[in-house]
Structure formats: C-alpha cells, structure tokens
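S.K.: Turn this into a structure:
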Amino acid sequence: MQTNFKYLLVFLFLLFSLNSSSQKATEKFVVVLDAGHGGHDPGRPTKFETEKKIALNIALKIGNKLKKYDNIEVIYTRKKDVFVELHERAAIANRADADLFVSIHCNAWTTNQPYGTETYVLSVGNTDRNMDVAKAENEVIFLEDDHEKNYEGYDPNSPESIIGLTLLQEDYTEQSIILARMVEDNFMHKLNRKSRGVKQISLWVMHNTYMPSVLIETGFLTNKKEGKYISSNKGQEEISESISESILKYIETVSADTDLAIITNSSQNSQSNSVDITFKVQIAAGARKLETKPYNFNGLRGVSSESIGNGYKYFYGDTSNYNTIKKYKEEALEKGYTSSFIVAYKNGKRINISDALKTISN
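M.R.: I've put the predicted structure just below:
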C-alpha cells in the first residue's frame, strides 16, 4: 500500500543527518517535532484541509502538551507555513542535539477505501519494493535550490547510492520501534482507530548519524470519513494527545533504563584511561574510499577509516578519555564537520555511548 513516501524521505534524511549524541550537559530530554511539507509544498491531495496545515497543527499541539513538563524541551523544524529544505531540517536538529525526532504527516491513496494509521522507522534491510520507492522518491531533492551543493555526489536513481549505509542507523532501530509501537498501540486502544502497523523502509542518504526517530502517518486524507476526522480540530486534538502520551511513555521507559543526564554529569569529571573503552569522532561516511590524508579532510590529521558494506566511515581521534574526545569533536566542528558525533568501542567492538560512559564512571 502506498504511503506518503515523498516526505518519508524528509524523515529518513533526518535519521541519517541528525547529530544525536545524547550526552548533553542539560537534564532536559529534547524532542524535535517535524511538521511535514509547508510553503509551496502543500503535501498530499485532499478535498479537506491541506496536509501541510494538518501536520503543523498537530505538531504544535503535541509541543504545547510536552512543554508542560519541565524536563522536556521541544524544538520545531517549522512553526508556520514555510518550506524547510532537507538539509536545513537536519541542521535544526543538529543544533538541538536532540534525543528524539518525530515527524508528522498524512497518508493518501489512489482510491478512497484505505484508512488507518501507520508509523515508520528505518529498516536496516532493503527489499526490491523499497529500492524502487527509494529511487523514485529521492528525486524530491531536485526540488530544492542548490541541491547540487547540498547533496553533492548523491544520485537518487543510483542503487549504489541507496544501499550500504543504512547500517549506520541500526544502533537506534530498536528504540525507534519501541516508540512506534507505543504510538500505534495508543491509536488502536485509546482512540479505537485502525492501526496499519509499524513499518520499515530503507534509504541511503549523504549524511549519516544516529537518533531514535519515527514518522507518523496520522490517517488517509483520501478516505472521506478519516479525511474529515484528521482535518477537524477534534481529530487533531485527539491525535496530538495520543502521540504526546506515547512520547511521555517512551521517555519514562528509556529513563528507567539509563539516566543520560546523570551519566553525562558523572562522566564529564572522569579522567578514566580504561584500556578496553575507546572513543572516536565520526566525521563522515560515503561510498568512496578516500585516503586518510589531511587534504581530504579539511586539514584534520590522524583520520582513520572503517569499511561497512558498500561504504566507508571516517573517524577523527582515538582516545580512552571522554573529555579528550569532546575536544576532538570541537575541532571537527570548527573544520566544517557539523554532523560529526562521538562513538564508542569496547575491545574493538562498537557499543552505545551510554554503555561506555557507564563503564568509565564505575
């Protein structure tokens, strides 16, 4: 069944281009709310309200509900009817250093029969159908000004540009699925709506980093009954309440597993030189293998590489001291690597940052 794949790309681009290093000095849990479409892009066709307006109304309502909690900070990719390009949505979330990304959309189909909700997360696998979708829908990039500059080297029609680096997101797939399941369960059990389930799709994009993320299709605008519901203030209020409850439940769940703020505060003063934990700064990823020379990395010396599937990751720095690696990240940012982020290894195997910080703080 067709979904809103055009702006599913917006969500998936952000999955890869957000800087989701969750180790912040603040105790607040940062949620980025992304209202799909906007400006000259109205979204899916409808005889009711435009998708861009519905998505914005729901996102703003979710934000207002979450803002009531002192430990939550809300960041919007847009708060009014404007078109936000993919790379700028990523930049907004990068600056937010967010813990969660939630994108709001509406669905549509060629007939008026389909109805129900769907929530998407990123898949680490590719099916033939997903490959076809990726090749067709990535062309939305060409609608942006200066796309040659912002997406240099990326060919939406090339299979080689689509496969390979989806593995970069797999660390957070589980968390994304947890939230997606909570969203769909709430729709089904609290609003008595038809849930079409949690779904996954795989796309390759230029910039790659990690953050638990979901894209929520709130219903079909092409279905007369559902289109009327999600266009109404009552429907938008109920949908936003259901989603915000799911986000709160998710925050409570992940906080029970690991208190990121406490971990960060304790680790910032740690000068551990544990031999089994090392930190690096991932500065880039791509399909081409580059010599790790300063001229290929804006003058950075000591860059290393790692092959992954059909691509390569590039790192700056290698240290067991967390404070030291943060300085390396600052240097990378100064050199223009605005999407760089810290990764951790234990005995040469990639692990979550939170687990590494727990280890060195003990």
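S.K.: what does the domain assignment say about this protein?
M.R.: 5-257, 261-361 (automatic domain parsing).
S.K.: what's the weakest-modelled helix or strand in this structure?
M.R.: helix 260-268 (a mean of 35; mean pLDDT, DSSP states H and E).
S.K.: Now do stretch 221-235: everything it contacts.
M.R.: 44-49, 51, 54, 106-116, 218-220, 236, 239 (CB atoms under 8 Å, 6 or more residues apart in numbering). No exception for glycine: its C-beta is placed from N, CA and C like everyone else's.
S.K.: what are the pairing partners of the helix or strand where Cys106 lies, and which direction each?
M.R.: Per DSSP states H and E, Cys106 falls inside strand 100-107. If you go by DSSP bridges, strand 100-107 pairs up with strand 29-35 (parallel), strand 213-220 (parallel).
S.K.: So for Thr173, which of those strands sits nearest?
M.R.: strand 213-220 (9.7 Å; CB to CB).
S.K.: Now do the helix or strand hosting Ile54: which elements does it pack against?
M.R.: Using DSSP H and E, Ile54 falls within helix 51-66. Applying 3 or more CB pairs under 8 Å, 6 or more residues apart in numbering; DSSP states H and E, we find helix 51-66 packed against strand 29-35, strand 72-76, strand 100-107, strand 213-220, helix 233-257.
S.K.: returning to that earlier point: for the strand holding Cys106, buried residues please.
M.R.: Buried residues in strand 100-107, counted by 16 or more other CB atoms under 10 Å: 100-107.
S.K.: cool, stretch 213-228 as well?
M.R.: Buried residues in stretch 213-228, counting neighbours by 16+ other CB under 10 Å, are found at 213-223, 226-227.
S.K.: ditto for stretch 339-350
M.R.: Across stretch 339-350, burial judged by 16+ other CB under 10 Å covers 339-345.
S.K.: Tell me the span between the first and last residue of it.
M.R.: Terminal residues of stretch 339-350 are spaced 19 Å apart (CA to CA, to the nearest Å).
S.K.: go on, stretch 279-299?
M.R.: Taking CA to CA, stretch 279-299 runs 21 Å from one end to the other.
S.K.: what do you get for stretch 62-81?
M.R.: For stretch 62-81, the first-to-last residue distance is 17 Å (CA to CA).
S.K.: Over to stretch 190-199?
M.R.: 20 Å.
S.K.: averaged over its residues, what pLDDT does that stretch have?
M.R.: Averaged over stretch 190-199, pLDDT sits at 93.
S.K.: One more: stretch 119-137?
M.R.: When pLDDT is averaged over stretch 119-137, the result is 51.
S.K.: in which helix or strand would I find the residue nearest to Lys326 when sequence neighbours are not counted?
M.R.: In space, and not counting its chain neighbours, Lys326 is closest to Ile342: 7.2 Å by CB to CB, 6 or more residues apart in numbering. Element membership for Ile342, per DSSP H and E: strand 341-346.
S.K.: for that strand, packing partners?
M.R.: Applying 3+ CB pairs under 8 Å, 6+ apart, one finds that strand 341-346 makes contact with strand 277-286, helix 322-334, strand 349-351, helix 353-361.
S.K.: what would these look like in CSV with mean pLDDT and distance to Leu60?
M.R.: Shown next, in CSV, are these (pLDDT from 0 to 100; distance: least, CB to CB, whole Å):
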stretch, mean pLDDT, distance to Leu60
strand 277-286, 88, 34
helix 322-334, 88, 31
strand 349-351, 86, 37
helix 353-361, 74, 31
